Every structure is written in C-alpha cells, then in structure tokens.
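Asks: here is the input, now give the coordinates:
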Amino acid sequence: MRKKILISLFVVFIGFILFDSLYNPASTYSSGPPAGFCGSPDDGYQTCVYCHQGPVPTALPDLITSNIPTSGYIPGDTFSITATIRKPGHTRFGFELSPTDQTGSIHGTLVDTSLRTKLTPGGRYIEHTDSNSTMSADSNSWSFLWVAPASGSGVMSFYGAFNVTNNSGTFSGDTIYTSSLDVQENLTLIDDNLPSTKEIFTYPNPAADHIYLRTEVSIPGKTDIRLFDCAGNNIQINYSENIEKSFSLFSINLPQQIVSGIYYMRINNCGVTKTKKIVVVN
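Replies: Residues are numbered from 1 along each chain as shown. Purely as a prediction, here's the structure:
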C-alpha cells in the first residue's frame, strides 16, 4: 500500500512539473522564447503576444540601435547591434531579434558575444537568457554582433519583439513591444570587379537624360538593372529582361527629376551582381 501511495505521489509531482513547464512562462520562456516570434515578415509578423496575453503589441522606434554608419553597412564587415527596452516600475524583460532583407529572407550572420544572449539553432534569431532577463529596475539592454552579408544584399531590416512582464508567473498582463531598424548597403565601396559580368560599358558617361549600357553577361538569362544614389536609395529605374545572347545593349531613360551627381547602376545576372558607377550632369 505504501509503495502505491509513493508511486501516486510521484505521478502527481511529475504532472505538476509538466503542467508548470507548459503553462508558466517564467519557467518556459525565461531562458529564451521559441524561435519565430520577432515580428519579421519571415515570421508572418508574429510576436510574443502569440503566447503572452495582454494589450495589442505597440510599435516603438529606436529600441534597436547600431554602430552602422549613415552611409550604410560595408559587406562582410562586423557591426555592433543593441536591443534596449524600458518601462518604469518593471524589472523583468525579454526580447527576440532577427535580421532580414526586403523579401523577408535572413541575411548576414548574428554573433553571440556574452552569456546575456543566445542564438537559436541555425543562428536565425538572437534572444535573452534566463539569468539576464532581470537586470535592473525600469530597463534592460542586450548587445551582440552582426556580420554584414555579401555585396548586393541591399537594404536590411532588424526586427525585434520585446516582452515587458509583470513577473506574475502567468501568461496574463504582459506588455509586448515591437521595433525595427533599417540599414542600407554602402554602395560607394562596392568592388567594380565582381564576377557577375565579364565587361560593362556605359556611355555617355557623364550622362544627362539617358544612358546606354552594353554588357557581356556570364550566363544568358534573367537580368535586372537598377539605379541607386550614394545614399542607397533606389532611383525609379527598374529594368528587367530575359537575355538570350552573351552581348546585349540597353537604352535606359533617366528620370526627368534626377539631380546631378554620382550614381551606381547595378546589373544582376542570374543572381550574381556587378555594379557600375555613372555620373549624371544636368
């Protein structure tokens, strides 16, 4: 009889542990949330509110900051990223963050640099750890590194979801915030010897209202042409054609409102990119 009682108590104890791990966020997510809830397009814009019951998530600016210069990230270089959340009267916070491009695809490499953060399997997300979800009254902050992707990746966005908990040990009453940081690629430092095309000739250069581009592509097929200014803004030129021949000539009209200056024409041939600097004089 005593043995049966001990077994019954053990079963009840295990059941309690399982129940607590499933329904108590203090034990489930204090060591880091499940992957895929940082509010990015790749996540379907899902956030912590998927589990934590509370107000509708609030978008706030500047929760994600970096040392990436205003001129843009340099492909292959390493930069520091910081995620910070503040709310008076609270002491327990959490976050999850992921870098994506404009299509929602993960780009670049997240680097975990301390015990205060951890990477999810595959390195797609970085998030808080248990011992450091509580830091100090009113705020918490996490820093890590990001290795910028290869040239031609374009504008990148860091998406983050932040949980400000009421530390009640339940899913209710927590407040979720979202934030994003957009960073552009530094086009002024692009190597003009990338192997996407064998040769690119532009004329006239300087140009005024139009420009001819003659290129010998490496692989006949889908070719896209875009024009960017030095700040990385895409000028209203989007030329796309399926090239059948190795040598092709394009005539591209420049926008009437384009101002004089230095621009970069990017030619993407079958997924490989080459950039040509052009000068516009009006």
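Asks: for Gln102, see how far away Asn234 is.
Replies: Per Cβ to Cβ, to the nearest Å, Asn234 is found 10 Å from Gln102. (Glycine included, C-beta is placed from N, CA and C.)
Asks: same check, this time on Ala35
Replies: In terms of Cβ to Cβ, Ala35 sits 21 Å off from Gln102.
Asks: domain map for this protein?
Replies: 27-186, 190-280 (automatic domain parsing).
Asks: identify, out of those domains, the most deeply packed stretch.
Replies: For the domains of the chain, ranked by mean neighbour count under the definition mean count of other Cβ atoms under 10 Å, the leader is domain 27-186 at a mean of 18.
Asks: and the average pLDDT for stretch 127-147 is what?
Replies: For stretch 127-147, mean pLDDT is 78.
Asks: straight-line length of that stretch, end to end?
Replies: Stretch 127-147 stretches 17 Å from its first residue to its last (Cα to Cα, to the nearest Å).
Asks: beta partners for Ser80?
Replies: Leu145 (DSSP bridges).
Asks: low pLDDT regions in the stretch 1-150 of the chain?
Replies: Where the stretch 1-150 of the chain drops to pLDDT under 70, the residues are 1-32, 48-55, 130-136.
Asks: quick one, strands of it?
Replies: 58-59, 64-66, 78-86, 93-101, 109-111, 117-119, 126-128, 139-147 (DSSP state E, counting those that start in this stretch).
Asks: what packs against the first one?
Replies: Spelled out, it's strand 58-59. On a contact count with 3 or more Cβ pairs under 8 Å, 6 or more residues apart in numbering; DSSP states H and E, strand 58-59 meets strand 175-183.
Asks: for the residue lying closest to Gln102 once chain neighbours are set aside, which residues are in contact?
Replies: Nearest non-adjacent residue to Gln102, counting by Cβ to Cβ, 6 or more residues apart in numbering: Val155, 5.8 Å away. Listed by Cβ atoms under 8 Å, 6 or more residues apart in numbering, the contact set of Val155 reads 101-102, 182-185, 232.
Asks: where's the dip in pLDDT among these?
Replies: Lowest pLDDT among the contacts of Val155: Gly232, 68.
Asks: on that earlier part again, quick one, which of the strands of the stretch 1-150 of the chain gets closest to Ser251.
Replies: Of all those, the one in closest proximity to Ser251, counting by Cβ to Cβ, is strand 93-101 (29.8 Å).
Asks: make a markdown table out of the strands of the stretch 1-150 of the chain and add distance to Ile278.
Replies: Output for the strands of the stretch 1-150 of the chain, formatted as a markdown table (distance: least, Cβ to Cβ, whole Å):
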| stretch | distance to Ile278 |
| --- | --- |
| strand 58-59 | 38 |
| strand 64-66 | 30 |
| strand 78-86 | 29 |
| strand 93-101 | 25 |
| strand 109-111 | 32 |
| strand 117-119 | 41 |
| strand 126-128 | 39 |
| strand 139-147 | 30 |
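Asks: select, out of those strands, the one closest to Lys276.
Replies: Of all the strands of the stretch 1-150 of the chain, strand 93-101 sits nearest to Lys276, with 22.1 Å by Cβ to Cβ.
Asks: thank you, goodbye.
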